[in-house]
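[1] How does the following fold in three dimensions:
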Amino acid sequence: MNRLPLLLVAACLTLLLPDPALAAGLDGRSFGLVWALPFAGILLSIALLPQLAGHVWEHRMAAIAGFWILAALVPLAIFHGAAAALDATLHVVLLEYLPFVLLLFALFTIAGGLVVTGNLHGSPGVNTGILAFGTVLASFIGTTGASMVLIRPLIRANDNRRHNVHVVVFFIFLVSNVGGALTPLGDPPLFLGFLRGVSFFWTTTHLVAQTAFVAAILLGLFYLIDRRLYAREDRAAPKLRDPTPDSRLGLRGGTNLLLLAVLVGVIILSGVWRPGIGFEIGSARLELQNLVRDGTMVLLGLASLALTPKSNRIQNEFSWGPIREVAIIFAAIFICLVPVAAALSAGRDGAFAPLLGLVTRADGTPIEAAYFWMTGALSSVLDNAPTYVVFFELAGGDAKTLMGPLAGTLAAISLGAVFMGANTYIGNAPNFMVYAIARQQGVRMPSFLGYMAWSGAILLPIFVLVTLVFFL
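    All right, here's what the predicted structure looks like:
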């Protein structure tokens, strides 16, 4: 459960700054592939250690993250100077890390105060309706927030059924991933793009067709599967007793919806209001609109804590543990990302030129299908937010160009990161959160490889269709 905001955090952390590597004056041509080892190391630590050495990870997480931070910064200071290393770190901490923590604090706190009460009967129509609602909700309160709010009511609605694993699996597909594609608040990768200059509503206007296409197929397929399995329940004997009888639905903590609306408004404002006022700490320039945004996020989080009954958070099993984990892990991720961003900025003159060749035609134009699948493949096994950043930089890193002549490329990167985060439990933070909650509630969730059998059989053919329809 304590992994749920990891990706959201990555999103917030990644890009409040044009480019930390360039800001530090680093020449990307001087960075070989070996400089990517700390970045790869921290991502693999996040992906593997919780499963392979959970006790070590739980108790030594800070030390592991600190090791990778030093592995990135010490060579940077030795070979490029202490001033460059300090400057890059200042950019990451002041312009990426702190704003990320504050956005996480606001979203996590506000979503944690919303509780859906009552219970519905988990029929195929009701289940499909909940999944459809959650898919839309995810773009407004984030995949993490929507997953937190709806997974328990969905499990309660189906806790008298023998066949309910598929309900949670499709919930991960739709609510924890696909539904987050329509706004920067929906999924961390898109928020990172927003912080790098992608306009707030670009995702809404340019990704809606692909998102509706995938969601419609998944919802239709789910309804057919659920109807078949639901019929088996009617024929089974004896019938399972319903531990949570049907009762009227309700919502507690509604004040948080107003706070969420203010949060969305202030984030949009920060993207369009450019007063040109700010001050510098070292080479990091703190803009007024960003300071206003970040200060408001703090106030909104505090308001949620003050206005929400404590019983709401108790019922949601709310704790600050996830923020602590995110604060530690993503400090390491984005400090280790500095030399990687520098190398990517060098384009064909940098160490990642072979990777660029895989996604670029001989005439220099991008191959959208390749961006979609390569971003998606890495997002399936690594955190999808930093993966998005890597391919955003690989495609040139200029938001105006990517929103204009290269809009198809940006769409491919965005959709690959968001959609294919559903391929594994570790592709997106809410996936693991939902898995943990479902197991706690008695759902016999598939293993890591078992879940990949589900995603491989259902999602991969859909992604092939997306490629054929939208990227060829």
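
[2] Give me the three-state assignment for Leu258.
    With DSSP: H, G, I helix; E, B strand; the rest coil as the basis, Leu258 sits in helix.

[3] Distance of it relative to Ser304?
    Distance of Leu258 to Ser304, given as C-beta to C-beta, to the nearest Å: 10 Å. Glycine gets a C-beta too; all of them are placed from N, C-alpha and C.

[4] More neighbours: which of those two?
    Taking neighbours as other C-beta atoms under 10 Å, Leu258 and Ser304 compare with Ser304 leading, 27 against 13.

[5] wait, the more buried one sits on Ile110?
    Yes. Ser304 lies in contact with Ile110 (C-beta atoms under 8 Å); the separation is 4.8 Å.

[6] Find residues that contact each of these two.
    Asn256, Leu259 (C-beta atoms under 8 Å, 6 or more residues apart in numbering).

[7] can you map out the helices along the stretch 51-200 of the chain?
    All helices of the stretch 51-200 of the chain, identified by DSSP state H, counting those that start in this stretch, fall at 54-80, 82-92, 98-112, 124-157, 165-174, 188-195.

[8] Return the most buried member of those.
    The highest average neighbour count among these, using mean count of other C-beta atoms under 10 Å, belongs to helix 188-195 at a mean of 30.

[9] so it versus helix 124-157, what angle?
    If you take axes from the mean of the first three to the mean of the last three C-alpha atoms, to 10 degrees, helix 188-195 sits at 100 degrees to helix 124-157.

[10] Could you pull out the strands in the chain for me?
    Under the criterion DSSP state E, the chain contains strands at 115-119, 247-252, 278-281, 284-287.

[11] Just put these in TSV and tack on mean neighbour count.
    As requested, those are exported to TSV (neighbours: other C-beta atoms under 10 Å):
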stretch	mean neighbour count
strand 115-119	18
strand 247-252	12
strand 278-281	11
strand 284-287	18
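
[12] Can you lay out those strands as JSON lines showing mean pLDDT and distance to Ile42?
    Compiled in JSON lines, the strands of the chain are given as follows (pLDDT from 0 to 100; distance: least, C-beta to C-beta, whole Å):
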{"stretch": "strand 115-119", "mean pLDDT": "80", "distance to Ile42": "35"}
{"stretch": "strand 247-252", "mean pLDDT": "80", "distance to Ile42": "38"}
{"stretch": "strand 278-281", "mean pLDDT": "84", "distance to Ile42": "26"}
{"stretch": "strand 284-287", "mean pLDDT": "84", "distance to Ile42": "23"}
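
[13] Tell me which of those lies nearest to Thr424.
    strand 115-119 (27.5 Å; C-beta to C-beta).

[14] Okay, now the sheet partners of that closest one, with direction.
    Note on strand 115-119: by DSSP bridges, its sheet partners are strand 247-252 (antiparallel).

[15] which other residues reach the strand it pairs with?
    With C-beta under 8 Å, 6+ apart as the criterion, strand 247-252 contacts Leu114, Val115, Val116, Thr117, Gly118, Asn119, Leu120, Pro153, Pro309, Asn312.

[16] Check those against Glu393 and report the nearest one.
    Using C-beta to C-beta, Leu114 comes nearest to Glu393 of the contacts of strand 247-252, at 35.7 Å.

[17] Tell me the confidence at the closest one?
    We have a pLDDT of 85 for Leu114.

[18] can you pull the contacts of the closest residue in space to Thr135 that isn't next to it in sequence?
    Using C-beta to C-beta, 6 or more residues apart in numbering and skipping residues adjacent in sequence, the residue nearest Thr135 is Gly179, 3.6 Å away. Residues near Gly179 by C-beta under 8 Å, 6+ apart: Gly134, Thr135, Val136, Leu137, Ala138, Ser139, Thr143, Ala146, Gly186, Thr211, Ala215.

[19] Distance to Val266 added to the contacts of strand 247-252, as TSV?
    Below are those laid out as TSV (distance: C-beta to C-beta, whole Å):
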residue	distance to Val266
Leu114	19
Val115	25
Val116	26
Thr117	29
Gly118	32
Asn119	35
Leu120	34
Pro153	29
Pro309	25
Asn312	23
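
[20] and which of those residues is nearest Gly254?
    The nearest member of these to Gly254, counting by C-beta to C-beta, is Leu114 at 7.8 Å.

[21] Could you give the number of residues near the closest one?
    Leu114 has 23 neighbouring residues, counting by other C-beta under 10 Å.

[22] going forward, begin numbering at 712 instead of 1
    Sure, I'll start counting at 712 from here, so that last one is Leu825.

[23] That one contacts Thr966, doesn't it?
    No. Taking contacts as C-beta under 8 Å, Leu825 lies outside contact range of Thr966: 9.5 Å.

[24] Now for the contacts of strand 958-963: which two are most distant?
    Pairwise distances across the contacts of strand 958-963 peak at 23.3 Å for Leu831 and Pro1020 (criterion: C-beta to C-beta).

[25] More neighbours: which of the two?
    Shown here are Leu831 and Pro1020; by other C-beta under 10 Å, Leu831 has more neighbours (20 against 12).

[26] per-residue pLDDT, the nearest residue to that one once chain neighbours are set aside?
    The shortest distance from Leu831 to any non-neighbouring residue, by C-beta to C-beta, 6+ apart, is to Ala868 (4.6 Å). With respect to pLDDT, Ala868 has a value of 89.

[27] What of Ser1158?
    At Ser1158, pLDDT is 83.

[28] what's the neighbour count on Gly1153?
    Gly1153 has 10 neighbouring residues, counting by other C-beta under 10 Å.

[29] what's the answer for Gly1167, then?
    For Gly1167, the neighbour count with other C-beta under 10 Å is 12.

[30] Now it. Nearest residue, chain neighbours left out?
    Setting aside the residues directly before and after it, Gly1167 is nearest to Asn1134 in space (C-beta to C-beta, 6+ apart), at 7.7 Å.

[31] Let me know the pLDDT of the one you found.
    For Asn1134, the model assigns a pLDDT of 93.

[32] That one reaches Leu1170, doesn't it?
    Yes. With contact defined as C-beta under 8 Å, Asn1134 reaches Leu1170; the gap is 6.2 Å.

[33] And the strands of the chain: which comes nearest Trp913?
    Closest among those, once you apply C-beta to C-beta, is strand 995-998, at 20.3 Å.

[34] Name every strand pairing with the closest one and say which way it goes.
    strand 989-992 (antiparallel).

[35] quick one, what contacts Leu744?
    With contact taken as C-beta under 8 Å, 6+ apart, Leu744 is in contact with Ala1054, Ala1062, Phe1063.

[36] Could you rerun that using 10 Å?
    Ala751, Val1051, Ala1054, Gly1061, Ala1062, Phe1063, Pro1065, Leu1066 (C-beta atoms under 10 Å, 6 or more residues apart in numbering).

[37] Now restrict those residues to buried residues only.
    Among those, the ones that count as buried by 16 or more other C-beta atoms under 10 Å are Val1051, Ala1054, Gly1061, Ala1062, Phe1063, Leu1066.

[38] Leu1176: which of those is nearest?
    Distance to Leu1176 across these (C-beta to C-beta) is lowest for Leu1066, with 26.1 Å.

[39] and the closest one, what does it touch?
    Per C-beta under 10 Å, 6+ apart, neighbours of Leu1066: Leu744, Leu1055, Met1085, Val1101, Phe1102, Leu1105.

[40] Per-residue pLDDT of it, please?
    At Leu1066, pLDDT is 78.
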